[in-house]
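Chemist: no sequence for this one, just the structure:
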């Protein structure tokens, strides 16, 4: 059979491993696909950069547009970012090539445009590697569970932040020391902003929500909070509640099915929840649906080899479709459910207050909660060991809307007896 012609955009950590696996498993891939694969070009920024690859140097080019407009069957995109990735992908599709991408940012920002182009030109768009690395997740959600109704997706989808929070939990260290450790071990970038401020997880949440609820969900629809303000004191409080703290991506369908929400923020989860035991740089996603019930997907969520594994899996599927003259499932946004604002999200809260250590303070605080319709579950007050006339007051609520909680906190800040709001954290997974 004629070889399936493949072009690769990007040859960094993931791209290098894709090439290596294409070479190492060439015979097996050909047998699984039904035709050999031919890598006809690799687009890079620096053509003559030394690379740990045994390939013909003539394959490398800095002219990515020239590569994607050649006679290709599949283009693999692992350069990331919005541009030039979007223009290159659209050009590849226009010239008849299916696309395998790991670009979470572009899919979250403008997935609708990519899907429309794939549909127009009758090619595939696969992107398993865009969320949770090697974990088979997106294809099970959009294919294996297409006959089910997904209610909730709760996940740890960023390995850097999970490593940092795991270190803080295990060692009692502060955020800064844990970040330094993650950087030294190569888990955190020199600029970790995209990870620790939740941007990376938010892009993945948009993709997960869109697939799970058959609705267009863009990055701007996702509420986002980073985890840089999480402290050792927060972990001490979580342990007292039998919980730990994770940066979670949470996608939910409303109880009446009429809307969805997508959010990323730190949260306390019970130690009994399966996600609580996910340590280090690993990822895990917990799915709740009507028929299947509760499912959990777990594994390495980043790294060259794990991500390349997901890319190669998509490549095999796309090549099989090419040979059979078919295409895989496209976008499914028929539901067109509205995305509700964060204020309508209902959950429990853990609020830590610094208050005056004198009679009547607890009554004042309880009155504010009651006035805003937020029911208190437990209260714990402890005088400061260093004296100073202050105490720590920890309140855990029953389920309430985010808007009600925000109103409560603003009112608490106006009380003379409340010196400050030390922390606010949501409690999930119960």
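Modeler: That came in fine, so what should we check first? No experiment lies behind these values; they were computed from the predicted model shown.

Chemist: switch to C-alpha atoms for all contacts and neighbour counts from now on
Modeler: Will do.

Chemist: other SSEs contacting the helix or strand bottoming out on mean pLDDT in the chain?
Modeler: Counting by mean pLDDT, DSSP states H and E, the chain has its least confident helix or strand at strand 376-383, which shows a mean of 91. When contacts are defined as 3 or more CA pairs under 8 Å, 6 or more residues apart in numbering; DSSP states H and E, strand 376-383 packs onto strand 390-397.

Chemist: which element follows the helix or strand containing residue 201 toward the C-terminus?
Modeler: Assigned by DSSP states H and E, residue 201 belongs to helix 199-213. On the C-terminal side of helix 199-213, the nearest following helix or strand under DSSP H and E is strand 223-224.

Chemist: all strands of the stretch 201-350 of the chain, in order?
Modeler: Counting by DSSP state E, counting those that start in this stretch, the stretch 201-350 of the chain has these strands, from start to end: 223-224, 243-253, 260-270, 282-289, 293-300, 346-356.

Chemist: Run through the strands of the stretch 51-200 of the chain in chain order.
Modeler: Going by DSSP E, counting those that start in this stretch, the stretch 51-200 of the chain shows strands at 60-61, 74-77, 98-101, 125-126, 150-156.

Chemist: Relative to residue 210, which of these is closest?
Modeler: strand 150-156 (11.2 Å; CA to CA).

Chemist: The closest one pairs with which strands, parallel or anti?
Modeler: Sheet pairing of strand 150-156 (DSSP bridges) gives strand 243-253 (antiparallel), strand 282-289 (antiparallel).

Chemist: pLDDT on that strand, on average?
Modeler: Strand 150-156 shows a mean pLDDT of 98.

Chemist: got it, and stretch 214-227?
Modeler: Here the average pLDDT along stretch 214-227 is 97.

Chemist: Could you tell me the end-to-end distance of it?
Modeler: The straight-line separation of the ends of stretch 214-227 (CA to CA, to the nearest Å) is 29 Å.

Chemist: Which residues outside the lengthiest helix in the chain are in contact with it?
Modeler: Taking DSSP state H as the criterion, the chain has its longest helix at helix 304-324. With CA atoms under 8 Å, 6 or more residues apart in numbering as the test, helix 304-324 has contacts from 4, 13-18, 21, 29, 32-34, 73-74, 76, 98, 100-102, 124, 126-129, 133-136, 300-301, 327-328.

Chemist: Next, the angle from it to strand 293-300.
Modeler: Here helix 304-324 runs at an angle of 120 degrees relative to strand 293-300 (axes from the mean of the first three to the mean of the last three CA atoms, to 10 degrees).

Chemist: which parts of helix 304-324 are buried?
Modeler: 304-323 (16 or more other CA atoms under 10 Å).

Chemist: again, but for stretch 389-396
Modeler: The neighbour-count check on stretch 389-396 (16+ other CA under 10 Å) flags 390-396 as buried.

Chemist: How about stretch 152-170?
Modeler: Within stretch 152-170, judged by 16+ other CA under 10 Å, the buried ones are 152-169.

Chemist: now swap in stretch 370-380 and tell me
Modeler: 372, 374-376.

Chemist: so how far is that stretch off the chain centroid?
Modeler: Taking CA atoms, centre = their mean, to the nearest Å, the mean C-alpha location of stretch 370-380 is offset from the chain mean by 32 Å.

Chemist: which residues are contacting it?
Modeler: With CA under 8 Å, 6+ apart as the test, stretch 370-380 has contacts from 366, 369, 393-400, 404-405, 407-408.

Chemist: Turn those into CSV, including distance to residue 224.
Modeler: Output for these, formatted as CSV (distance: CA to CA, whole Å):
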residue, distance to residue 224
366, 29
369, 25
393, 27
394, 24
395, 23
396, 22
397, 22
398, 23
399, 20
400, 19
404, 18
405, 17
407, 19
408, 21
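
Chemist: ChimeraX command for the buried members of these?
Modeler: Buried residues among the contacts of stretch 370-380 (16+ other CA under 10 Å), as a ChimeraX selection:
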select :366,369,393,394,395,396,397,399,400,404,405,407,408
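
Chemist: now the contacts of stretch 370-380 in a markdown table, with pLDDT?
Modeler: Shown next, in a markdown table, are these (pLDDT from 0 to 100):
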| residue | pLDDT |
| --- | --- |
| 366 | 96 |
| 369 | 98 |
| 393 | 94 |
| 394 | 95 |
| 395 | 96 |
| 396 | 96 |
| 397 | 98 |
| 398 | 97 |
| 399 | 97 |
| 400 | 97 |
| 404 | 98 |
| 405 | 97 |
| 407 | 97 |
| 408 | 98 |
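
Chemist: ok so, going back, of the buried residues of stretch 370-380, closest to residue 111?
Modeler: The closest of the buried residues of stretch 370-380 to residue 111 turns out to be residue 374 (CA to CA; 38.5 Å).

Chemist: The closest one and residue 348, how far apart?
Modeler: Distance, residue 374 to residue 348, by CA to CA: 10 Å.

Chemist: Over to residue 129?
Modeler: Distance, residue 129 to residue 348, using CA to CA: 33 Å.

Chemist: Report the contact partners of residue 363.
Modeler: Shown in contact with residue 363 (CA under 8 Å, 6+ apart): no residues.

Chemist: SS state for the residue located most distally from the centre of the chain?
Modeler: Residue farthest from the centre of the chain, counting by CA atoms, centre = their mean, is residue 359 at 45.7 Å. What DSSP: H, G, I helix; E, B strand; the rest coil gives for residue 359 is coil.

Chemist: Let me see the contact set for it.
Modeler: Counting by CA under 8 Å, 6+ apart, residue 359 makes contact with nothing.

Chemist: got the phi/psi numbers for it?
Modeler: Residue 359 adopts backbone torsions of phi -60, psi 150, taken as degrees, to the nearest 10.

Chemist: What's the separation between it and residue 389?
Modeler: Counting by CA to CA - residue 359 and residue 389 are separated by 11 Å.

Chemist: do the same with residue 337
Modeler: Per CA to CA, residue 337 is found 52 Å from residue 389.
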